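In: Provided below are the primary sequence and the corresponding predicted coordinates.
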Amino acid sequence: MADKIKDAKIIFVVGGPGSGKGTQCEKVVAKYGYTHLSSGDLLRAEVASGSERGKTLQAIMQKGELVPLDTVLDMIKDAMIAKADVSKGFLIDGYPREVKQGEEFEKKIGAPCLLLYIDAKGETMVKRLMKRGETSGRADDNEETIKKRLDLYYKATEPVIAFYSSRGIVRKIDSELPVDEVFGHVAKAIDGLK
Ligand SMILES: Nc1ncnc2c1ncn2[C@H]1C[C@H](O)[C@@H](COP(=O)(O)OP(=O)(O)O)O1
Ligand SMILES: [Mg+2]
């Protein structure tokens, strides 16, 4: 089963909460037909299902903490396998959150050919998340949880970027720009793939 996705084009989309990962991924889907898998969306769908696992996940996410690695990875892998036959490539959005998650992903699924590093300033991310929180209904889009998520991002996720930089697959995207300009740079990075 996993063989089907071994040779797939895999792009990691990494950046802080509210940096614009989801926004850019949607545009990539529209232009390139890639499959967008947001680890956060997969987890929130599990929460919405009302399952026991969902209840445990909700408590963790509400605190702004990372859910157990195996849970996220299994969800991503299942979703990738489900799309393997029709997908031209996969955008893995919001994963890896820490270096260990990247290592496990590569062991169980495959290696990314590109890491899009969606970069915005801390104050910009807070501002965007507070605004998103007015309508998102997300339990973690509140001031206290936002602060925890940002701290965790700097501590756990920034090392992910350093880890993949040494492989030469990181493209840093300035996400302070208007959405369409940001996308121009994202598209250039994707067009640069073999
Ligand atoms: N380049 C940009 N300029 C202004 N606002 C942006 C932006 N990119 C995203 N946003 C807005 C849309 C959302 O309300 C909010 C967070 O974006 P998002 O795509 O949901 O972020 P993420 O998925 O990284 O958490 O910021
Ligand atoms: Mg998102």
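Out: Perfect, I can see it now. Numbers count the residues shown, from 1 in each chain. Ligands and ions are numbered 1, 2, ... in the order given.

In: Find me the pLDDT at the residue of the chain positioned farthest from its centre, would you?
Out: Most distant residue from the mean C-alpha position of the chain: residue 52, 24.2 Å away (Cα atoms, centre = their mean). Listed pLDDT for residue 52 reads 94.

In: any idea how far ligand 1 is from it?
Out: 27 Å (Cβ to the nearest ligand atom, to the nearest Å). Where C-beta positions appear, they are placed from N, C-alpha and C, glycine not excepted.

In: again, but for residue 166
Out: 24 Å.

In: Pop out the phi and psi values for that residue.
Out: phi -60, psi -20 (degrees, to the nearest 10).

In: Please apply the same query to residue 136.
Out: Torsion angles, degrees, to the nearest 10, at residue 136: phi -70, psi -30.

In: Going forward, the N-terminal residue is numbered 32.
Out: Noted, 32 is the first residue going forward, which turns the last one into residue 167.

In: List the contacts of it.
Out: If you count contacts by Cβ atoms under 8 Å, 6 or more residues apart in numbering, residue 167 has none.

In: what separates it from residue 225, distance-wise?
Out: Counting by Cβ to Cβ, to the nearest Å, the gap from residue 167 to residue 225 is 37 Å.

In: same check, this time on residue 171
Out: Where residue 225 is concerned, residue 171 sits at a distance of 37 Å (Cβ to Cβ).
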